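Student: Can you look at this prediction? I've put the sequence above it.
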Amino acid sequence: MQKIKGKNIQLKNDETYFYREAGQGPQVLFLHGNMSSSAFWDKTMEALAGDYHSLAPDLRGFGQSSYKTPIESLWDYVEDLKDFMDSLDLSRVHLVGWSLGGAVALGLVARYPKLFKDLTIIGALGLAEPKQRLVWKLPGFDDVLGSPWPETRQSKDPLLGYAVEMLWQSTMYHVKEPNPQDYKKYLDASLEQVNRKDAIRALRDFYLTHDQWKKIQVPCQAIHGKLDRIVPYYQQSRRPQNCHVHLLDQCGHFVMNDRFDTYLDLLKKFFQRQEDQ
């Protein structure tokens, strides 16, 4: 199994992005969700390493990336990633975004459509009308958002880790819990986030206009768990044109954990269709 390498790159705005990289072949860019990091893509990147060149950055304020300037909206991530792609000479890539990363992916394709071959959104935020966004009303959500979140990665509060675990048990792991090693890795990655409140506010305010939706013309697939408690599939009233939807049984928000083999097969077949054209 090919090893995943961790690297750093400095952007024009003086932020430093940490990213994971593995494999060779057509390029795939993975964007993680809130309360997570690029570590959540490890298993996927390892599985694709024989056929694809995968890159997964930690967004600003997540994981091991810097947070020198607070974000004001998810469009800040769009511009970070445009700079990231330019710096690494990435173009015509397969784009995959999960949850918050799905919203950022939509913004990226809407603003820079020529950079991407296709788009896969997984349990994506940003598809519901504002009044439908029930994620903010989940039990325990306010406890985490209102917690004294660390301003640095050296000031972690054990009680915060407990609050995150309780939230995850009710919203992420109600279908399938990761193995102990991955469970700890994901929890540690979540606790490295230093921009939680800013990220939540940015998600609350994110909205694509009708004209922006029309610019998303690349082949698209949406993968969604029927048991998703964070982004219920029945709320997803807006999608790019010609976006094929896969609703997975016995699957919650953490699709890559709950139905890994099915999800990986969908990715591979979708990527291959674009490569064959």
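Tutor: Thanks, I have the structure now. Numbers count the residues shown, from 1 in each chain.
Student: what's the closest non-adjacent residue to residue 251?
Tutor: Of all residues not flanking residue 251 in the chain, residue 225 sits nearest, at 3.3 Å (C-beta to C-beta, 6 or more residues apart in numbering). All C-beta spots, glycine's among them, are computed from the backbone N, C-alpha and C.
Student: Got the phi and psi for that neighbour?
Tutor: Here is the backbone geometry of residue 225 (degrees, to the nearest 10): phi -80, psi 140.
Student: as a whole number, average confidence for stretch 207-222?
Tutor: Across stretch 207-222, pLDDT averages out at 90.
Student: do the same with stretch 243-260
Tutor: Averaged across stretch 243-260, pLDDT comes to 96.
Student: And for it, what's in contact with it?
Tutor: Where contact means C-beta atoms under 8 Å, 6 or more residues apart in numbering, the residues beyond stretch 243-260 that reach it are 40-41, 43-44, 98-99, 121-123, 171-176, 178, 182, 220-231, 233, 239, 262-263, 266.
Student: Alpha carbons only: can I get stretch 173-183 in PDB?
Tutor: Provided in PDB are the C-alpha atoms of stretch 173-183 (Å, rounded to 0.1, in the frame of the first residue of the first chain):
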ATOM      1  CA  TYR A 173     -21.600   7.200  14.300                       C
ATOM      2  CA  HIS A 174     -25.200   6.100  14.800                       C
ATOM      3  CA  VAL A 175     -24.900   3.700  11.800                       C
ATOM      4  CA  LYS A 176     -21.300   2.400  12.200                       C
ATOM      5  CA  GLU A 177     -18.500   3.400  14.500                       C
ATOM      6  CA  PRO A 178     -14.900   3.500  13.100                       C
ATOM      7  CA  ASN A 179     -12.300   1.100  14.400                       C
ATOM      8  CA  PRO A 180     -10.600   2.300  17.600                       C
ATOM      9  CA  GLN A 181      -7.500   3.500  15.700                       C
ATOM     10  CA  ASP A 182      -9.400   5.600  13.200                       C
ATOM     11  CA  TYR A 183     -11.800   6.800  15.900                       C
END
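Student: Wait, residue 223 touches residue 119, no?
Tutor: No - in this structure, residue 223 is not within contact of residue 119 by C-beta atoms under 8 Å, at 11.4 Å.
Student: residues contacting residue 169?
Tutor: Taking C-beta under 8 Å, 6+ apart as the definition, residue 169 has no contacts.
Student: wait, residue 118
Tutor: 94-95, 218-221, 270-271, 274.
Student: thinking again about what came up before, next, the contact list for the residue nearest to residue 251, please.
Tutor: Residue 225 neighbours (C-beta under 8 Å, 6+ apart): 123, 175, 233, 247-248, 251-255, 258-259.
Student: Just the buried residues from the contacts of residue 118, in ChimeraX please.
Tutor: Remark: buried members of the contacts of residue 118, expressed as a ChimeraX selection using 16 or more other C-beta atoms under 10 Å:
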select :94,95,218,219,220,221,270,271
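Student: Quick check: the gap between the spatially most central residue of the chain and residue 105.
Tutor: Nearest to the geometric centre of the chain sits residue 32, at 2.5 Å (C-alpha atoms, centre = their mean). Going from residue 32 to residue 105 by C-beta to C-beta, to the nearest Å gives 11 Å.
Student: do the same with residue 21
Tutor: Residue 21 is 19 Å from residue 105, by C-beta to C-beta.
Student: Residue 275 belongs to a strand, doesn't it?
Tutor: No - if the criterion is DSSP: H, G, I helix; E, B strand; the rest coil, then residue 275 is helix and not within a strand.
Student: Name the nearest residue to it, ignoring sequence neighbours.
Tutor: Once flanking residues are discounted, residue 275 sits nearest to residue 26: 6.0 Å by C-beta to C-beta, 6+ apart.
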